[in-house]
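Visitor: Model the structure of this input:
(one chain, ligands or ions: 1)
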Amino acid sequence: MDDVHLKQTVACIADYYNGCKVGYVGHEGYRKSTDLAKFGKCIDELVTLGYIEPQHTTFLDLGCADGRVNVLMSYFVKSSVGIEIDPEILAEYGQRKKELILELQHENLLQPLDNITLFKVNSLETVTYDLIESSIGVRFERIDLFYTYITLHDLFAAKIAEEAKPKALYLVYGFSKILPVTKDWSSSSPMWPPKE
Ligand SMILES: C[S@@+](CC[C@H](N)C(=O)[O-])C[C@H]1O[C@@H](n2cnc3c(N)ncnc32)[C@H](O)[C@@H]1O
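Guide: Okay, here's the model as predicted:
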């Protein structure tokens, strides 16, 4: 992919989804949406540091809502997997992606890759990972990059620490400059503010 086109595509996706963010002001809302402009800059840094490799990386959003982070990540990873417990929220994925595709076509930009799979299940249950493995052949132990927008970050941290492969990364999007502290985890330097 050429870099300029990819950057323009990321900006277009961020504009589209940031136009329909949920519960992003203060502490409102049972559900919050990642700011994809900020997240895009973190991706740049992860790619530069070699943590993301397009042909190899498997990404999992542990509470993916309408799959917006998965759509953005599809350009940067081999497999972009999401889990969402609430069927109504997950149902927004299809319509939003359709609208986005039209927008990208209109701007002559790159389409999301065909590597996104979202599951309507509970991230905390073992059967979920059996289902993912039997559906797309991805085992929990093969996932390279885990993500949550603060939701259940401590419970997910415990599961990842116990079951993920040693070099797996866990990315937690927090509120403003507040960073979650997780027992027994060392944190790499926060990616905020991202480099311009
Ligand atoms: C803060 S939102 C983040 C949405 C999306 N990752 C983003 O960043 O835009 C958290 C989502 O996790 C979902 N969720 C909460 N508990 C879950 C669980 N145990 N398994 C799967 N999804 C869960 C919620 O329904 C909600 O849509």
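Visitor: so who does the closest residue to the ligand within the chain touch?
Guide: For the chain, the residue closest to the ligand is residue 63, as judged by Cβ to the nearest ligand atom, at 2.2 Å. Glycine gets a C-beta too; all of them are placed from N, C-alpha and C. Contacts here follow Cβ atoms under 8 Å, 6 or more residues apart in numbering; on that basis residue 63 touches 83, 84, 85, 123, 148, 149, 151, 152.
Visitor: repeat that with 6 Å
Guide: Remark: with contacts taken as Cβ atoms under 6 Å, 6 or more residues apart in numbering, residue 63 is in contact with 148, 151.
Visitor: What separation is there between the residue nearest to the spatial centre of the chain and residue 174?
Guide: If you average the C-alpha coordinates of the chain and look for the closest C-alpha using Cα atoms, centre = their mean, you land on residue 69, 3.9 Å from that point. Using Cβ to Cβ, to the nearest Å, we find residue 69 at a distance of 15 Å from residue 174.
Visitor: just residue 79 next, same as before
Guide: Separation of residue 79 from residue 174 (Cβ to Cβ): 25 Å.
Visitor: Same drill for those two, tell me which one is more crowded.
Guide: Relative neighbour count places residue 79 above the other of residue 79 and residue 174, with 22 against 14, counting by other Cβ atoms under 10 Å.
Visitor: which residues does that one form a beta bridge with?
Guide: For residue 79, the beta-bridge partners are residue 58 (DSSP bridges).
Visitor: That one touches residue 115, doesn't it?
Guide: Yes - taking contact to mean Cβ atoms under 6 Å, the distance of 5.3 Å between residue 79 and residue 115 places them in contact.
Visitor: Tell me the helix or strand right after the helix or strand encompassing residue 160.
Guide: Using DSSP states H and E, residue 160 sits in helix 153-163. Toward the C-terminal end, the helix or strand that comes next after helix 153-163 (DSSP H and E) is strand 169-172.
Visitor: Now that next one: average pLDDT?
Guide: Strand 169-172 shows a mean pLDDT of 92.
Visitor: okay, now residue 157: neighbour count?
Guide: Residues near residue 157, counting by other Cβ under 10 Å, number 19.
Visitor: That should have said residue 120, apologies.
Guide: Here the number of neighbours of residue 120 (other Cβ under 10 Å) works out to 14.
Visitor: what about it, distance to residue 48?
Guide: Residue 120 sits at a distance of 34 Å from residue 48 (criterion: Cβ to Cβ).
Visitor: Nearest residue to residue 51 in space, please, no chain neighbours.
Guide: Taking Cβ to Cβ, 6 or more residues apart in numbering as the measure, residue 51 lies nearest to residue 169, with 5.7 Å between them; neighbours along the chain are not counted.
Visitor: Kindly state the beta-bridge partners for the one you found.
Guide: Partner residues in beta bridges with residue 169, using DSSP bridges, are residue 145.
Visitor: That one reaches residue 146, doesn't it?
Guide: No - checked against Cβ under 6 Å, the pair residue 169 and residue 146 is beyond contact range at 7.1 Å.
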